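Asker: Pasting the sequence and the predicted model now:
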Amino acid sequence: MLDPERYLPAVCDLVRTVAHREIMPRFLSGQYARKVDGSLLTEADLATQSALVEGLTRIIPFPVMGEEMSKEEQQRLWQAGDSGLWCLDPIDGTTNFIHGLPYFATSVALMQHGRSVLGVIYNPVSNELFSAVAGKGAWLNGQPLPLKRHVPRMCDAIAGVEIKWLSGKLPARLMSVAPYGSQRNLGASTLDWCYVAAGRFDLYLHGGQKLWDYAAGALILQEAGGCMSTLQSPQFWQDVVWTRSAVAALDPGLFETWQKWVWANR
């Protein structure tokens, strides 16, 4: 039986090394291309993905699925990797990376049977490495998460909210009668999950993330003691794989109140 904890140090070392070798020397270069779907792509994305694919298969020879692969290849790898699959986002927050905003990260998850069992997310600018192993806990640079357990009143809570992918009446309700005190949208979903897990954000809402956006981050929040669902299902890990919404909070009581409000205002 696979023991994910055994491989965590090697994955952390690999992600740190690749980020400082392939990402940071290209930070602030400003050079990019635009993909078919309109999102941005840099040389750093491709170089990082290539280096991680090579390194991860040396750690465990499972298929490796990355954001910068074709949809056909991603689906083929997903089907082939039920018993073991690496899922990675070389640079989440590429727009931030291009514009010099220091909120971007490399994300790697090890998945089995549709669920993550190991997750690593690294911001090379802040040198913050978030990690988790299923059933073993979550950490920031080796310190257990969350960093704090202060539970605010809902009206004082800080919410990480991405409005762009929400539909129905929910965006208008969030703009007019949101129940929280303050809202943030920093442009890198992988780090947003980690900020909830650390206690920096109290609440989280996103209308639709790709697999590589949530694979590592959702595990990190889960192992920090947080709660999550989607906009359609109370069972986060059982909803649609390729584009999955997220409703989350670190504190279970706050999550219950938040989820009820969100679902009532969909």
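Answerer: Great, that's in hand.
Asker: looking at the chain, which helix or strand does the model trust least?
Answerer: Counting by mean pLDDT, DSSP states H and E, the chain has its least confident helix or strand at strand 33-34, which shows a mean of 62.
Asker: which other residues reach the lengthiest helix in the chain?
Answerer: What stands out as the longest helix in the chain, according to DSSP state H, is helix 43-59. Applying C-beta atoms under 8 Å, 6 or more residues apart in numbering, the contact partners of helix 43-59 are 7, 10-11, 14-15, 18-19, 21-23, 26-27, 31, 62, 64, 66-69, 86, 88, 90-91, 94, 97, 106, 108. The C-beta positions use only the backbone N, C-alpha and C, and glycine is treated the same way.
Asker: What about the residues you listed, which are in strands?
Answerer: Counting by DSSP state E, these place 64, 66, 86, 88, 90, 91, 106, 108 in strands.
Asker: could the residues you listed be laid out in TSV, adding distance to residue 195?
Answerer: Putting those into TSV (distance: C-beta to C-beta, whole Å) gives the following:
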residue	distance to residue 195
64	26
66	24
86	24
88	20
90	20
91	18
106	16
108	18
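Asker: So the most centrally placed residue in the chain: helix, strand or coil?
Answerer: If you average the C-alpha coordinates of the chain and look for the closest C-alpha using C-alpha atoms, centre = their mean, you land on residue 190, 2.5 Å from that point. The three-state label for residue 190, taken from DSSP: H, G, I helix; E, B strand; the rest coil, comes out as helix.
Asker: Equivalent analysis for the one 4 residues further on, please.
Answerer: Secondary structure for residue 194, judged by three-state DSSP, is helix.
Asker: Look up how far residue 68 lies from it.
Answerer: Using C-beta to C-beta, to the nearest Å, we find residue 194 at a distance of 22 Å from residue 68.
Asker: Residue 164 too?
Answerer: In this structure, residue 164 and residue 68 are separated by 21 Å, where distance is defined by C-beta to C-beta.
Asker: and what of residue 49?
Answerer: According to C-beta to C-beta, residue 49 stands 5 Å off from residue 68.
Asker: Sweet, I'm off.
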